[in-house]
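Peer 1: here is my input, please return the structure:
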Amino acid sequence: MGPGRSSSSSSALRATPQRRTERRSTWSTDVLYGLGIAVVLFASGTIVWSTKHLNRLNEVSRSALPNSKAEFLGVDAFAKNDKTVLQKEAAVLLDDIPVPDSGDGAIVPYDLSVNFLQRIIKAPGAPPEPVLVEHASKARVAEDFLPVVTPSSVNFRWRHRARVGSSYEDATKIKGYRIIVRRHQHASIESEYNLIVWDYVKEFNGSTADDELPHSVAWASRNPPTIGHILEWMVQVWDNNYQSSTSSWTKFALGPEKEADWKGADWIVHPHDMDTFDTANKLHTKVKQFGDLRSECKNWKRRRPLPLFRMKLSLEELNMMEGEQISSALLVMSGLGSFRASFDGVPLSTSGPVDPPFTDYSKRIMYRGFDVTPFLLEDTVTSNHVIGITVGSGWWDHRPITGMAKPHYLPRGPVTVIAQIIVTFTSGKTRVVGQSSGNRVTNWQVARGHIRESDLFTGEIIDLNVFADMDGWDTTNGWQGDAIGINGNDPYRNINAWVRPVSYRTEVTHAQRKQEMAIK
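Peer 2: Residues are numbered from 1 along each chain as shown. Next comes the predicted model:
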């Protein structure tokens, strides 16, 4: 009994923990099973709720995002005209233009540029304005650098930044943008014409692969821009919450693209300088001997002092369009080697000593553009204007010395300039004035000036006595009427002797000149 009871008791004691373990295992399984069902039910409910909520938001978004440009801009005036997508252009009313630098959107557009060129109001490190003569104009150019592009390639670019205090969600994506381009005109001009030349809206709805902000926006108007027009543009951007912000206006101009676009303009030089070509050595394709360099030095000295060019612009020439008022005026100019431009005695740029930039002159020559509208609209007693051009050697007519890296490959010749003014009237029509070819060269004069030598590395040598005697040469008071002629062949005896320039003509063909000037 004892051993049996003891055995039975021992068996019972061993069985008790086993039953407890089975109960605990069953309870844990039930709990995990229940939690799994709860998680599945919760996930299913969340998916159903999210689907309904997102569908509702999508319906609200579709109702908020318009199908037409008029609705997108909140303008009812376009409801009858714009029946396609937002990309379609349309003429806009003047009162539809948004206020620049306005809006509460989370994305702010800034840093506008055209073809990577930006308008520069005041160049960093620019020197102060020099002391001007008494009769100089009171008008000033509005910028140190005006971007000039050609009509065949106009590309708009800008940058974005988040508005301070805006939410992250609103600033994460752009819903659309709008580019407005209009003709620029002086603030004193009142015009009844519609100045808008292109108005473009793009919406991003995520439905296509190209619904992303492009690297640049190309001009896509049915009407290409007009050469000579000075335009201004702005951009309006909508953030992820359909709130907009606008940039400020910025200017650019359309300049000549082909040689034929320089209507009536020709490269002009001092008459004596055309006789300084070394006709015996037209092509600089081999290393020069000492005798060749001596001949080049002699001809180079005959082209000193450097000439000054000026052109008189009369009121009669500007007012050839009856009943039209001047809206803007673009002066385009270039020179070899370098040039500095002035209008009625006022410098037009602080970067003159290095204009134009160095290029392979056998292929292209850069030019500058200046908005001279304030000078033409200035309320003065005089009806004429004078454009002055001071030239330097630059890379074009350097001193012929040995020891340079392949000096025979650098171009050399008389300094020369080309310029014309494209006047735009309130109707949008343009007229070219100030040409320098044919019988129109009578408006131009050239004389030996105060710069005896000009070099990009060693600076300039200036005759201060001549500089004082020629004070005001680029104003109407300094104009001497008809050219007074040349006093012999000595250039130093013809200082301040104003004569008519001549066209730049040589016996060297274009193919030869290209071979001569090409960078080897």
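
Peer 1: tell me the confidence at Trp27?
Peer 2: Trp27 carries a pLDDT value of 56.

Peer 1: tell me, how many residues neighbour Pro225?
Peer 2: Look at Pro225: counted by other C-beta atoms under 10 Å, it has 21 neighbours. All C-beta atoms are positioned from the backbone trio N, CA, C, and that covers glycine.

Peer 1: now it: which helix or strand?
Peer 2: For Pro225, there is no host helix or strand (DSSP states H and E).

Peer 1: distance of it from Ala253?
Peer 2: 10 Å (C-beta to C-beta, to the nearest Å).

Peer 1: all strands for the stretch 351-500 of the chain, in order.
Peer 2: Secondary structure of the stretch 351-500 of the chain (DSSP state E, counting those that start in this stretch): strands located at 368-371, 385-392, 416-425, 430-433, 444-448, 451-455, 459-462.

Peer 1: contacts for the fourth one next, please.
Peer 2: The set of residues external to strand 430-433 that reach it, using C-beta atoms under 8 Å, 6 or more residues apart in numbering, is 226-229, 263-265, 313, 317-318, 320-321, 420-425.

Peer 1: of these, grab the buried ones for ChimeraX.
Peer 2: Per 16 or more other C-beta atoms under 10 Å, the buried members of these correspond to this ChimeraX selection:
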select :226,227,228,229,265,313,317,318,420,421,422,423,424,425
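
Peer 1: give me the neighbour count for the nearest residue to Asp474 once chain neighbours are set aside.
Peer 2: Nearest residue to Asp474, sequence neighbours excluded (C-beta to C-beta, 6 or more residues apart in numbering): Gly388, at 2.7 Å. By the criterion of other C-beta under 10 Å, Gly388 has 22 neighbours.

Peer 1: swap in Gly481?
Peer 2: For Gly481, using other C-beta under 10 Å, the count is 8.

Peer 1: what's the pLDDT at it?
Peer 2: In this model, Gly481 is scored at 70, pLDDT.

Peer 1: do Pro491 as well
Peer 2: pLDDT recorded at Pro491 is 63.

Peer 1: what's the answer for Val181, then?
Peer 2: We have a pLDDT of 94 for Val181.

Peer 1: okay, and it sits in which element?
Peer 2: Assigned by DSSP H and E, Val181 falls within strand 176-183.

Peer 1: parallel or antiparallel, which strands does that strand pair with?
Peer 2: According to DSSP bridges, strand 176-183 forms sheet pairs with strand 196-203 (antiparallel), strand 230-238 (antiparallel).

Peer 1: only alpha carbons, please: show the first one as PDB.
Peer 2: Going back to what we said before, that points to strand 196-203. Output in PDB follows, covering the C-alpha atoms of strand 196-203 (Å, rounded to 0.1, in the frame of the first residue of the first chain):
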ATOM      1  CA  ILE A 196       1.000  91.300 -73.800                       C
ATOM      2  CA  VAL A 197       2.900  89.300 -76.400                       C
ATOM      3  CA  TRP A 198       2.700  85.900 -74.800                       C
ATOM      4  CA  ASP A 199       0.800  84.300 -71.900                       C
ATOM      5  CA  TYR A 200       1.300  80.700 -71.100                       C
ATOM      6  CA  VAL A 201      -0.100  78.500 -68.300                       C
ATOM      7  CA  LYS A 202       1.000  74.900 -67.500                       C
ATOM      8  CA  GLU A 203      -0.800  72.600 -65.100                       C
END
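
Peer 1: show the average pLDDT along that strand.
Peer 2: On average, the pLDDT along strand 196-203 is 90.

Peer 1: related to what we said a few turns ago, what's the strand holding Val181 in contact with?
Peer 2: Outside strand 176-183, the residues within contact range by C-beta under 8 Å, 6+ apart are 72-73, 86, 92, 97-98, 109, 156, 195-204, 213, 217, 229-238, 327-328, 424, 428.

Peer 1: these, buried ones only, as a ChimeraX selection?
Peer 2: The buried residues among the contacts of strand 176-183 can be selected in ChimeraX (16+ other C-beta under 10 Å) with this line:
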select :72,73,86,92,97,98,109,156,195,196,197,198,199,200,201,202,203,204,217,229,230,231,232,233,234,235,236,237,238,327,328,424,428
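
Peer 1: where along the stretch 101-250 of the chain do the strands fall?
Peer 2: Going by DSSP E, counting those that start in this stretch, the stretch 101-250 of the chain shows strands at 107-114, 148-149, 155-162, 176-183, 196-203, 217-218, 230-238, 244-246, 250-254.

Peer 1: format those strands as TSV; extra columns: distance to Ala139.
Peer 2: Output for these, formatted as TSV (distance: least, C-beta to C-beta, whole Å):
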stretch	distance to Ala139
strand 107-114	25
strand 148-149	20
strand 155-162	30
strand 176-183	20
strand 196-203	26
strand 217-218	34
strand 230-238	16
strand 244-246	29
strand 250-254	17
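
Peer 1: closest to Arg412 out of those strands?
Peer 2: Arg412 lies closest, by C-beta to C-beta, to one member of the strands of the stretch 101-250 of the chain: strand 148-149, at 27.9 Å.

Peer 1: the closest one pairs with which strands?
Peer 2: If you go by DSSP bridges, strand 148-149 pairs up with strand 250-254 (parallel).

Peer 1: alpha carbons only: can I get the partner strand in CSV?
Peer 2: Provided in CSV are the C-alpha atoms of strand 250-254 (Å, rounded to 0.1, in the frame of the first residue of the first chain):
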residue,chain,number,x,y,z
THR,A,250,12.6,91.5,-65.4
LYS,A,251,13.8,92.9,-68.8
PHE,A,252,15.4,91.4,-71.8
ALA,A,253,15.7,92.5,-75.4
LEU,A,254,15.6,90.9,-78.9
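
Peer 1: which secondary structure element of the chain has the lowest mean pLDDT?
Peer 2: Here the helix or strand of the chain ranked lowest by mean pLDDT, DSSP states H and E is helix 69-73, holding a mean of 39.

Peer 1: just the pLDDT for the residue nearest to Asp474.
Peer 2: For Gly388, the predicted pLDDT is 94.

Peer 1: surely it meets Gly472?
Peer 2: No: between Gly388 and Gly472 there is no contact under C-beta atoms under 8 Å: 9.9 Å.

Peer 1: shared neighbours of the two, anything?
Peer 2: Both Gly388 and Gly472 are in contact with Gly345, where contact means C-beta under 8 Å, 6+ apart.

Peer 1: what's the burial count for Ala253?
Peer 2: Ala253: 25 neighbours (other C-beta under 10 Å).

Peer 1: and the gap between the residue nearest to Asp474 and Pro414?
Peer 2: Here Gly388 is placed at a distance of 19 Å from Pro414 (C-beta to C-beta).

Peer 1: got it, and Pro100?
Peer 2: Computed with C-beta to C-beta, the distance linking Pro100 and Pro414 is 47 Å.

Peer 1: tell me which of those two has more neighbours.
Peer 2: Pro414 (24 against 15).

Peer 1: contacts only, for the more buried one.
Peer 2: By C-beta under 8 Å, 6+ apart, the contact set of Pro414 is 269-270, 273-274, 276-277, 303, 397, 504.

Peer 1: in strands only, show me these.
Peer 2: Val269 (DSSP state E).

Peer 1: and the contacts of Pro414 as a markdown table, adding neighbour count, pLDDT and distance to Tyr361?
Peer 2: Listed next are the contacts of Pro414 as a markdown table, based on neighbours: other C-beta atoms under 10 Å; pLDDT from 0 to 100; distance: C-beta to C-beta, whole Å:
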| residue | neighbour count | pLDDT | distance to Tyr361 |
| --- | --- | --- | --- |
| Val269 | 24 | 90 | 15 |
| His270 | 27 | 89 | 19 |
| Asp273 | 23 | 83 | 17 |
| Met274 | 17 | 79 | 18 |
| Thr276 | 20 | 75 | 18 |
| Phe277 | 16 | 66 | 16 |
| Arg303 | 22 | 79 | 17 |
| Asp397 | 27 | 78 | 11 |
| Tyr504 | 18 | 84 | 13 |
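
Peer 1: which among the contacts of Pro414 gets closest to Ile365?
Peer 2: The nearest member of these to Ile365, counting by C-beta to C-beta, is Tyr504 at 12.0 Å.

Peer 1: so how far is Leu336 from that closest one?
Peer 2: In this structure, Tyr504 and Leu336 are 9 Å apart, going by C-beta to C-beta.
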